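Asks: How does the following fold in three dimensions:
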Amino acid sequence: MDDPEIKLERSLFYKCPFGLRFEIGPSDLEIWKDESKSLNSEYFSVALERAMSIFHAVFEPSDNIAIAYQIFSDGRRKIKKRSFIFKQLHSLDNAKIDLSDHREIYSEDLDYKSECWKRATISGIKTTEINTEQLFKAAINTDFSSLRPHLNGECYLINRTKQLVLNLYDDRGMDVVSNRREPLDSLYKSHNHLILDYDRESIDKVFS
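Replies: Purely as a prediction, here's the structure:
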């Protein structure tokens with residue numbers, strides 16, 4: 001099945017016909033420990049548990065998936081073969097890797113002709129072939145430079161079997177979107193308690 005026709009640009013939730021937005025970082029836990037001014041490990045552990053739970057609810061082991069990783073480039077910056085994203089696959093032997101330049105996303109922020117978004121799309125893989133936990137840890141750590149692993153770009157998990165796209169944008173939240181309602185119905189029910197309160201009313205109108 002072909003990729004869902006979804007523009008890979010944040011925020012996915014506001015740009016797709018059907019979507020769910022989840023709270024990943026728990027609002028009842030502080031990011032920082034008050035006295036020591038160190039990061040609260042429990043906050044990050046719960047965030048990872050939530051992200052993995054949502055992922056497993058919609059990505060089955062045998063699903064045909066793709067990973068799209070993209071970074072802003074001034075024309076010189078490139079996605080290198082030793083990039084973190086490629087190391088999260090158990091093997092690249094059967095994977096297809098496409099490198100492409102994009103100016104149709106975030107176009108209002110591209111001031112010069114040399115500027116674009118560099119994208120690496122890894123396809124022909126199954127859910128079980130990626131180290132999702134490390135990938136999600138890196139995304140959750142995005143705004144905390146002292147934490148490792150660390151993700152310096154945007155990562156989209158494309159489920160071609162179920163025709164949906166997942167984006168864990170940072171520790172605050174995750175978008176799961178589709179061009180159809182059906183692929184998201186069960187996720188809406190099973191993880192309703194994690195839906196971001198700010199968007200709950202609009203989500204309930206579509207799925208309840």
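Asks: going forward, measure contacts between C-alpha atoms and count neighbours the same way
Replies: OK.
Asks: can you pull the pLDDT of the spatially most central residue of the chain?
Replies: Centroid-nearest residue in the chain: N167, 2.2 Å away (criterion: C-alpha atoms, centre = their mean). Looking at N167, its pLDDT stands at 98.
Asks: Let me know the helix or strand that it is in.
Replies: For N167, the host element (DSSP states H and E) is strand 164-168.
Asks: partners of that strand in the sheet?
Replies: Here strand 164-168 has these sheet partners by DSSP bridges: strand 154-159 (antiparallel), strand 173-178 (antiparallel).
Asks: low-confidence ranges in this structure?
Replies: 1-4, 36 (pLDDT under 70).
Asks: Let me know the secondary structure of the residue of it positioned farthest from its centre.
Replies: Computed with C-alpha atoms, centre = their mean, the residue of the chain farthest from its C-alpha average is E35, at 32.7 Å. Following DSSP: H, G, I helix; E, B strand; the rest coil, E35 is assigned to coil.
Asks: how long is stretch 97-114 end to end?
Replies: 23 Å (C-alpha to C-alpha, to the nearest Å).
Asks: Repeat that for stretch 134-148.
Replies: By C-alpha to C-alpha, one end of stretch 134-148 lies 10 Å from the other end.
Asks: buried ones in it?
Replies: Q134, L135, F136, K137, A138, A139, I140, N141, T142 (16 or more other C-alpha atoms under 10 Å).
Asks: okay, those residues in JSON lines with secondary structure and distance to D111 next?
Replies: Converted to JSON lines, the buried residues of stretch 134-148 look like this (DSSP: H, G, I helix; E, B strand; the rest coil; distance: C-alpha to C-alpha, whole Å):
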{"residue": "Q134", "secondary structure": "helix", "distance to D111": "34"}
{"residue": "L135", "secondary structure": "helix", "distance to D111": "31"}
{"residue": "F136", "secondary structure": "helix", "distance to D111": "31"}
{"residue": "K137", "secondary structure": "helix", "distance to D111": "32"}
{"residue": "A138", "secondary structure": "helix", "distance to D111": "29"}
{"residue": "A139", "secondary structure": "helix", "distance to D111": "27"}
{"residue": "I140", "secondary structure": "helix", "distance to D111": "29"}
{"residue": "N141", "secondary structure": "coil", "distance to D111": "29"}
{"residue": "T142", "secondary structure": "coil", "distance to D111": "25"}
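Asks: who's in contact with the helix ranked longest in the chain?
Replies: The longest helix of the chain (DSSP state H) is helix 41-58. For helix 41-58, the external contacting residues (C-alpha atoms under 8 Å, 6 or more residues apart in numbering) are 24-26, 29-31, 132-133, 136-137, 140, 162, 168, 171, 174, 187, 191.
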